[in-house]
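S.K.: turn this into a model:
(2 chains)
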Amino acid sequence: MTGIGKSFGGVAVLDSVNFAVQPGEVVALLGSNGAGKSTLMKILTGVYSRDSGRIEIDGAEASMATPRDATAHGISFLPQEISVVPDMTVAENICLGAMPARTRLGVAIVDDQAMRLRAQNILSQLGFSHISPRAFAADLTVAERRIVEIARALAADASILVMDEPTASLTEQEAEMIFRIVRRLKEQQTSIVYISHYLKEVFVIADRIEILRDGRNAGSFLPRDTSVATVVEAMLGTVAGEMFAAKTPRTPGETILSAENLSLGKNLRDVSLTVARGEIVGVFGLVGSGVELLGRVIYGAEGARHAGNMQFAGRPFAPKNPADGKRAGIGFVTAERKKDGIIADLSVRENLVAPFQRRFGSALFTSRRRETAQSVAWIKSLGIRTRGPEQEMRTLSGGNQQKVCLARWLDPSVKMLILEEPTRGVDVGARREIYLQLAELARQGLAILVLSSDVEEIAGLADRALVIDRGVIAAEFAHGTDAATLMAAAA
Amino acid sequence: MIALSRSRTASGVLILLAFYIVLLVVFSFLSPFFMTLRNMLAISSNVAFIGLMAAAGTPLIIAGGLDLSVAAVAGLTGVLIAVLYGFGIPVWFAVLIAVLIASGIGLTNGVLATGLKLNPLIVTLATMSIVSGFALILTGGLTKPLGIAGFNWVGAGRLFGIPVPAILMLATYIVLAVLLRATRFGRYIYAVGGSEETSRLVGLPVKPVQVTLYIISAVSGAVAGTMLAAMLGAAAPNAASPHLLTVIAAIILGGTSLQGGRGSVWGTLVAVLILGTLNNGLTLLDVSSFWQEVTRGVVLILAVGVDQVRQRIQDR
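M.R.: Here you go, the predicted structure:
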């Protein structure tokens, strides 16, 4: 791939990027969120069209206009979310693209035996002959499903395999299985593009490391000649510091939340943390690390399934549902804004007053007048760009929707705010405003817990930073730290 | 009128209202008897039974639920009144017991659908079958004459010259409209139907709201059943069930989204009037009831189709 360029709506996402893989080479593609990794790979696999540049496979130019072209050229993409069909057998999943068939009475029917044989062959070629082709995908472990997915790519004769975070949500031993497969594929001259946030992993498995930053090539390294620190520096470049409020040392008040040994299955294990009034505690974790569960467990959104003890505002706290969390004085801003953050059909006003409707009316009735007054005040103080409180929520931009999701918790009864991925899908301007708002709220004495997979966000925002990795707290920085240190601690 | 403020729904209701007026005009040209006070009152009385159940079904569907058992509950109610009255229980007390039993059925529907997270379509289909079954068992499948002095008034009486069923129905619509529009409970209904997950995460009482609406729906079935029994002067276990589809059709025709989150009882009311007027007008024109069925289906498709097109234009 040479000179690849791509813009969305006038914003350049990729700017003359070069990228190449040799047969039997494992290239790690690295970059922080929004660097352009997935856009580049989507262009390679024909999902997006490119604005400029050329793609060559085996020396011949390839158009790569559709995903079908990519498959025809032997390129296979394994997305981060595993996509096996749970109600089908391993053999069916592996041969999903092209099931072997035989003709009976003029009708093509699936040849189960040939399919099982083919699946068996590929699995043993990968070194996992213990996975039965007859087993249902639903009964496999996450790691085994990942392997089935890789086998499917091979069944489609893939010669270039793009793997996006293949070890996310896997344990270390399970990740080791993926490495074994990668090495085997390499011996068979398959080329592999390996996208991962886990730097340690990358140094073990990759022949070469390619780095993207802000849609440009930002360095090419050989693992044996470089260090984690160098790679991280190339990934992050110079961080735009003015995104965040200057870190004036705040003196945190008394501890409001203390959690001990929170556990939930194998995704969260013995996590302990405290949050005090007037401080922003940031938890950084990669996707699948448990960062997406921790806030929900504390708030009560995961029900009462978790183990461990919590104290909130000096009282034992064991929430069974979100209503318990709210009653105790916790506000929660979700990462999945569209799914469980907004009510798209309702107005901005109705979304704003949703958690505390009691405040704006009598015992029975709502008061439109009081709701509107408060909504207008919030719209103004948070700079929510809207035509007015009656605008339908669905028509707001992501950043403004996020401000609504934050504003609705600005109630005197809320003592602590939990925010998951507070600026995911939020434009740069709104992002900065949200950061400043959070700093101001902390200054006023609110306890804030931010959970994020955006390393710069945690580095820029947190007075105290924790790193979560594979369900456990891997590091804690009492006075906050920079993005590079956090990334290295997680990787 | 209580504000029709949810803009998308409001314009839908206006289109429906326009359609209703066209219908009135066309029929008054075709039949001299149509546009008389007497006939209008007859229509209002005839639609009350369906209108009542459709009224209560509307907030339930807005909140993301569905109740197919409501007509079966109406049928059972008539039977219960007949049986209990036969035991010498005063009729008002018999009605009260029937309403309590209906609440129990609604509670069961609600708990199964929300607590166990079963599909409401299947849950209420099952309770529908169970409830109709009991109505048949209690009567041996026969229609029981009631012959209760004064009871007939509920179904055929008049108050200030207006049929009692029509008054009951209108009162229900007004109460539910206020509930949906002006109370906190009403707000919860739209929120829960709009996004159950969001509602849960902001700590709203999602399940209690839904369960309450299942109970309200079942109770509306009981009241409608009482009305029907009084109107017929008999308890017919199967008299109500054929009307279930009309109830659901009216709610959808009225602009309530089956996905939840959107709708209004006024839309349902206009839809009920349209369907009732269509019946009445076609009967006056001597169109066979078989053709009436066909016409009703066509009107339903037309109305829903027009609404879809309108929304698509609006969303552009």
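
S.K.: same for the helix or strand of chain B with the lowest mean pLDDT, what does it pack against?
M.R.: Least confident element among the helices and strands of chain B, by mean pLDDT, DSSP states H and E: helix B:289-315 (a mean of 78). With contacts defined as 3 or more Cβ pairs under 8 Å, 6 or more residues apart in numbering or on different chains; DSSP states H and E, the secondary structure elements packing on helix B:289-315 are helix B:7-30, helix B:244-253, helix B:265-284. Where C-beta positions appear, they are placed from N, C-alpha and C, glycine not excepted.

S.K.: okay, buried residues for the last one please.
M.R.: Just to be clear, that refers to helix B:265-284. By neighbour count, and taking 16 or more other Cβ atoms under 10 Å in any protein chain shown as the criterion, the buried residues in helix B:265-284 are B:265-282.

S.K.: give me the angle between it and helix B:7-30.
M.R.: Using axes from the mean of the first three to the mean of the last three Cα atoms, to 10 degrees, the inter-axis angle of helix B:265-284 relative to helix B:7-30 is 20 degrees.

S.K.: try the second one
M.R.: Using the same axes, to 10 degrees, the inter-axis angle of helix B:244-253 relative to helix B:7-30 is 120 degrees.

S.K.: what's helix B:244-253 packed up against?
M.R.: Using 3+ Cβ pairs under 8 Å, 6+ apart, helix B:244-253 is in contact with helix B:37-62, helix B:70-86, helix B:265-284, helix B:289-315.

S.K.: nearest to residue A:401, of these?
M.R.: helix B:289-315 (17.6 Å; Cβ to Cβ).

S.K.: give me the residues contacting the host helix or strand of residue A:212.
M.R.: Element membership of residue A:212, judged by DSSP states H and E, is strand A:208-213. Contacts with strand A:208-213, where a contact means Cβ atoms under 8 Å, 6 or more residues apart in numbering or on different chains, come from A:17, A:19, A:25-32, A:35-37, A:40, A:202, A:217-223, A:226, A:231, A:234-237.

S.K.: what does stretch B:300-312 give?
M.R.: By Cβ under 8 Å, 6+ apart, the residues outside stretch B:300-312 that reach it are B:8, B:11-12, B:15-16, B:19, B:249, B:252-253, B:255, B:271, B:274.

S.K.: which ones are touching residue 131?
M.R.: Since no chain was named, I'll use chain A. When contacts are counted by Cβ under 8 Å, 6+ apart, residue A:131 touches A:90, A:123, A:140, A:144, A:147-148.

S.K.: the chain in question should be chain B.
M.R.: Counting by Cβ under 8 Å, 6+ apart, residue B:131 has contacts B:69, B:72-73, B:75-76, B:105.

S.K.: Three-state assignment for it, please.
M.R.: For residue B:131, the secondary-structure state derived from DSSP: H, G, I helix; E, B strand; the rest coil is helix.

S.K.: that one and residue B:96: what is the separation?
M.R.: Using Cβ to Cβ, to the nearest Å, one gets 18 Å for the distance from residue B:131 to residue B:96.

S.K.: ditto for residue A:445
M.R.: If you measure residue A:445 against residue B:96 using Cβ to Cβ, the figure is 55 Å.

S.K.: equivalent analysis for residue A:448, please.
M.R.: Shown here: residue A:448 relative to residue B:96, a distance of 55 Å by Cβ to Cβ.

S.K.: kindly report the same for residue B:137.
M.R.: Look at residue B:137 and residue B:96: by Cβ to Cβ, they are 22 Å apart.

S.K.: quick one: low-confidence ranges for chain A?
M.R.: In the predicted model of chain A, residues A:9-11, A:33-34, A:169, A:238-242, A:246-249, A:491 satisfy pLDDT under 70.

S.K.: what does the stretch 151-300 of chain B put close to chain A?
M.R.: B:182-188, B:190-191, B:194-195, B:197-205, B:261-262 (Cβ under 8 Å from any Cβ of the partner chain).

S.K.: taking the residues you listed one by one, which sit in strands?
M.R.: Taking DSSP state E, every one of those sits outside strands.

S.K.: weed out the non-buried ones from those.
M.R.: The buried subset of those (16+ other Cβ under 10 Å) comprises B:182-188, B:190-191, B:194-195, B:198-205, B:261-262.

S.K.: could you export the helices and strands packed on helix B:289-315 as a markdown table, including mean pLDDT?
M.R.: Converted to a markdown table, the helices and strands packed on helix B:289-315 look like this (pLDDT from 0 to 100):
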| stretch | mean pLDDT |
| --- | --- |
| helix B:7-30 | 83 |
| helix B:244-253 | 90 |
| helix B:265-284 | 93 |
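
S.K.: which residue does the stretch 351-491 of chain A have closest to chain B?
M.R.: For the stretch 351-491 of chain A, the nearest residue to chain B under the criterion Cβ to the nearest Cβ is residue A:355, separated by 4.1 Å.

S.K.: wait, what's in contact with the closest residue in space to that residue that isn't next to it in sequence?
M.R.: Leaving aside its sequence neighbours, residue A:355 sits nearest to residue B:202 (Cβ to Cβ, 6 or more residues apart in numbering or on different chains; 4.1 Å). Contacts for residue B:202 (Cβ under 8 Å, 6+ apart) come out as A:322, A:326, A:332, A:354-355, A:408.

S.K.: now residue B:202: phi and psi?
M.R.: The phi and psi values for residue B:202, taken as degrees, to the nearest 10, are phi -90, psi 10.

S.K.: per-domain residue ranges of chain A.
M.R.: Taking automatic domain parsing as the criterion, chain A consists of the domains A:2-84+A:140-236, A:241-490.

S.K.: need the contact list for residue 39.
M.R.: By default, I'm working from chain A. By Cβ under 8 Å, 6+ apart, residue A:39 lies in contact with A:6, A:13-14, A:48, A:215.

S.K.: switch to chain B, please.
M.R.: Neighbour list for residue B:39: B:33, B:280, B:284 [criterion: Cβ under 8 Å, 6+ apart].

S.K.: and for residue A:269?
M.R.: Residues near residue A:269 by Cβ under 8 Å, 6+ apart: A:263, A:290, A:471-472.

S.K.: the residues you listed also near chain B: which ones?
M.R.: Applying Cβ under 8 Å from any Cβ to the contacts of residue A:269, none is adjacent to chain B.

S.K.: just among the residues you listed, which is most surrounded?
M.R.: Across the contacts of residue A:269, neighbour numbers were computed from other Cβ atoms under 10 Å in any protein chain shown; residue A:290 holds the maximum, 26 neighbours.

S.K.: separation between it and residue A:306?
M.R.: From residue A:290 over to residue A:306 (counting by Cβ to Cβ), the distance is 12 Å.

S.K.: and for residue B:11?
M.R.: According to Cβ to Cβ, residue B:11 and residue A:306 sit 47 Å apart.

S.K.: likewise residue A:88?
M.R.: To residue A:306, residue A:88 is 33 Å away according to Cβ to Cβ.

S.K.: which one's more surrounded, those two?
M.R.: Taking other Cβ under 10 Å, residue A:88 and residue A:306 do not tie; residue A:306 has more neighbours (23 against 16).

S.K.: cool, thanks, talk later.
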